[in-house]
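Student: Here you go, sequence then predicted model.
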Amino acid sequence: MRKLNTFTAVLMPIVETASIFKTYRSGVFKRVTVPALVDVSLSVDSGEIFGLLGPNGAGKTTFIKILLSIVHPTTGGATILGETLGSLKIKEKIGYLPENHRYPQFLTGYQTLHFFGGLSGLTGSALRDRALSLLDLVGLSEWKKVKIKRYSKGMLQRLGLAQALLNDPEILFLDEPTDGVDPVGRKEIRDLLKDLRKQGKTIFLNSHLLSEVEAISDRVAILNKGKVLKVGTVSEITSRALEYELRLDKTVSESLKSLILPHTTSLMVEGTSLIVGVKDQEALNTIIDRVRSEGIHLAGLQERKSTLEESFIELIQAKDQA
Amino acid sequence: MRYFAMFLLTIREAVLRGTLLFYFVVGNCIILFFAFALGLSPDDPSMITFFGNPLTPRNLGNINPIEFILIQVQRSSSSSILLFGVFAVAGLIPSMLEKGTVEVYLSKPLSRGALLLARSFGASAGVALNLLYFAIGVWLVFGLKLGVWNGNFLLSFVAVCASFLLFFSIVAIAGVITKSAGFSIMLAFLYTFFSSALESREMFLFKIWGNETYHSALDVLYYITPQLSSMLENSSRIIGNLPIGPNANQPFDPLPFVYSLLSASALYALSIRYFSKQDY
């Protein structure tokens, strides 16, 4: 059990994976092995939006498919809602929007939801009402009688999201949910996901749009070449090791630089700003004292953070170089 | 209900295929043809007329001419439904396994085995609906215009539908393994020839290969695979026996259906096992 900064309630792990390995075999005699996941152990709490990030081929989709029992792990296992993988009980409580999903083209939007609702176990008026309310939720009510072969990519994506929500799932797995959706539609989907989180749903979000993941995820995991490089909240991943920007009222002289240099791990000057890396808060206070002793006033102090994209690229590049 | 949703969708997908729609149109034309062509002579109500001319088929031995026509209709329609049906529905298993489709199905609370069976039965049911519609149409025409209500005619079409379902086990396993509609269709057609050759192995293949080991191997193959040709041959014998042809006056034999049920069950079980082990 763990406490998240933004939540006061104690959260229970809803998904726990234990050392999952997945190796694909290819070639004529299946002799070529390609590791897709290497020792992936993650824990996701109830009610959080968990972002999965990684370059193409990192293993994000394979990981989600293993949790859904669409792909079988080579070794390792997982529990979802306390059930082991493969249990049909789990699937009654999850929704999934795959990347590049394809539905029967001869169906209308309503018929598509009616069909998949039937597969999810809904029947009668409950199925009809659920399909209609979801079409309304994703803004496709006016298109419900139109065959989906006439739908745009964005509309299909909305329909896919509605399909994933049919059984009112406790966990939602979304693979590139805003792919092909216009900016307004993307914001609507983000808002919808936030609403779902408020309702206590757990959401697995797999997206290559880092800004999107950054905007709504409580925690993220960064995968590269099948390995988990880092897991944490967005602020944990984006914060640099004690780096601060000191905005001064005068330009930085060489004498000031030489005064503060021994107390820093890194030093950069940008106009009237000093960007310093420090070992601890005491070193930061010493630097501020030195600045004041030179008759320079502090106009501002700010902790430096990277964007998720910067942190992501740094992590991937560092790993590749290693 | 979950699997029934897949079953119904597959039927709908099957009957909307162009080839089955074509069969449906042709079937209606044949029903109309019989409706206009057949009649009873006003002078002698026991005399059947064909466009007003008395129907007096020759060399039929003791077979009733109506029975003869019904057998011919049954044989030609079951052969053609095989052709059109396979072409129409052999792609339904691979289409279920396409990327972007199979993931959604597998994320639902459905077992892979039941999903595959619902798809296979739905595909066969789509073909069966088309065939039974035609059979009932012809049966009604013969009943209403000639007063011949031959229940065995309908029963023989039920046997053809069952034969198609058992034969579809070959298409299902080919579809699951290759995920290719084209390959499944090709294999299905090859199998129809293979089945026909195996059925008449004593007359042709045994004469080509004199070796007893080959004969035994062919016998084994005949019994472990769905005996499509024998099932179709026997389904027409439900109506009556033709006094002509290589198997003239043979009685109805249920054993090909029993053997085929066993081999098709084994093939469906293998398909399910393969499907369950695969990553998608």
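Tutor: Done, it's in.
Student: Surely A:Gln165 is in contact with A:Leu134?
Tutor: I think there's a mix-up here, since residue A:165 is Leu and not Gln. Yes - proximity of A:Leu165 to A:Leu134 meets the contact threshold set by C-beta atoms under 8 Å, at 5.7 Å. For the C-beta atoms, the positions are set from N, CA and C on the backbone; glycine is no exception.
Student: Please, which helix or strand holds the residue of the stretch 1-150 of chain A found nearest chain B?
Tutor: Distances between the stretch 1-150 of chain A and chain B by C-beta to the nearest C-beta are smallest at A:Gly118, namely 3.1 Å. In the assignment (DSSP states H and E), A:Gly118 maps to helix A:109-119.
Student: Kindly check the end-to-end length of stretch A:162-179 for me.
Tutor: Terminal residues of stretch A:162-179 are spaced 15 Å apart (C-alpha to C-alpha, to the nearest Å).
Student: Buried ones in the following helix or strand past the helix holding A:Gly118, by neighbour count?
Tutor: Sequence order places helix A:124-137 as the next helix or strand after helix A:109-119, per DSSP H and E. Buried residues in helix A:124-137, counted by 16 or more other C-beta atoms under 10 Å in any protein chain shown: A:Leu127, A:Arg130, A:Ala131, A:Leu134, A:Leu135, A:Leu137.
Student: same check, this time on stretch A:29-48
Tutor: So stretch A:29-48, judged by 16+ other C-beta under 10 Å, has buried residues A:Ala36, A:Leu37, A:Val38, A:Val40, A:Leu42, A:Val44, A:Asp45, A:Ser46, A:Gly47, A:Glu48.
Student: residues in the stretch 1-150 of chain A within reach of chain B, list them.
Tutor: Contact residues (C-beta under 8 Å from any C-beta of the partner chain) of the stretch 1-150 of chain A with chain B: A:24, A:65, A:68-72, A:88-89, A:91-92, A:94-96, A:98-104, A:106, A:115-116, A:118-121, A:123.
Student: Give the ChimeraX command for selecting the buried subset of these.
Tutor: Once 16+ other C-beta under 10 Å is used to decide burial, the buried members of the residues of the stretch 1-150 of chain A next to chain B can be selected in ChimeraX as follows:
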select /A:65,68,69,70,71,91,94,95,96,98,99,101,102,103,104,115,116,118,119,120,121
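Student: Counting only helices, which of the residues of the stretch 1-150 of chain A next to chain B make the cut?
Tutor: A:Lys65, A:Leu88, A:Lys89, A:Lys91, A:Phe115, A:Phe116, A:Gly118, A:Leu119 (DSSP state H).
Student: Distance of the residue lying closest to the last one once chain neighbours are set aside relative to A:Leu193?
Tutor: The one in question is A:Leu119. Among residues not flanking A:Leu119 along the chain, B:Lys108 sits closest, at 4.4 Å (C-beta to C-beta, 6 or more residues apart in numbering or on different chains). Applying C-beta to C-beta, to the nearest Å, the value for B:Lys108 to A:Leu193 is 22 Å.
Student: per-residue confidence at residue 241?
Tutor: Just going to use chain A. Predicted confidence (pLDDT) for A:Ala241: 67.
Student: nope, chain B please
Tutor: 72.
Student: Can you report how many residues lie near it?
Tutor: B:Asn241 has 19 neighbours, counted by other C-beta atoms under 10 Å in any protein chain shown.
Student: same deal with A:Arg158?
Tutor: A count of nearby residues for A:Arg158, using other C-beta under 10 Å, gives 28.
Student: distance of it from A:Phe106?
Tutor: To A:Phe106, A:Arg158 is 19 Å away according to C-beta to C-beta.
Student: so B:Phe4 sits in a helix?
Tutor: Yes - assessed by DSSP: H, G, I helix; E, B strand; the rest coil, B:Phe4 belongs to a helix.
Student: what about it, distance to B:Pro254?
Tutor: Distance check for B:Phe4 against B:Pro254: by C-beta to C-beta, it reads 30 Å.
Student: Can you pull out the low-pLDDT segments for the chain?
Tutor: Went with chain A since none was named. Segments of chain A classed as low confidence (criterion: pLDDT under 70) are A:1-11, A:240-241.
Student: wait, chain B
Tutor: B:56-63, B:242-249.
Student: Which helix or strand contains the residue most central in space within it?
Tutor: In chain B, the residue lying closest to the centroid (C-alpha atoms, centre = their mean) is B:Phe164, at 3.8 Å. Here B:Phe164 sits within helix B:151-178, counting by DSSP H and E.
Student: following that helix, which helix or strand comes up?
Tutor: Following helix B:151-178 in sequence, per DSSP H and E, is helix B:181-199.
Student: quick one, strands of the stretch 1-150 of chain B?
Tutor: B:38-40, B:48-50, B:53-54 (DSSP state E, counting those that start in this stretch).
Student: Just name the most buried of these.
Tutor: Neighbour counts (mean count of other C-beta atoms under 10 Å in any protein chain shown) averaged over each of these peak at strand B:48-50, with a mean of 18.
Student: In its sheet, which strands sit next to it, and in what direction?
Tutor: Its sheet considered, strand B:48-50 pairs with strand B:38-40 (antiparallel), strand B:53-54 (antiparallel) by DSSP bridges.
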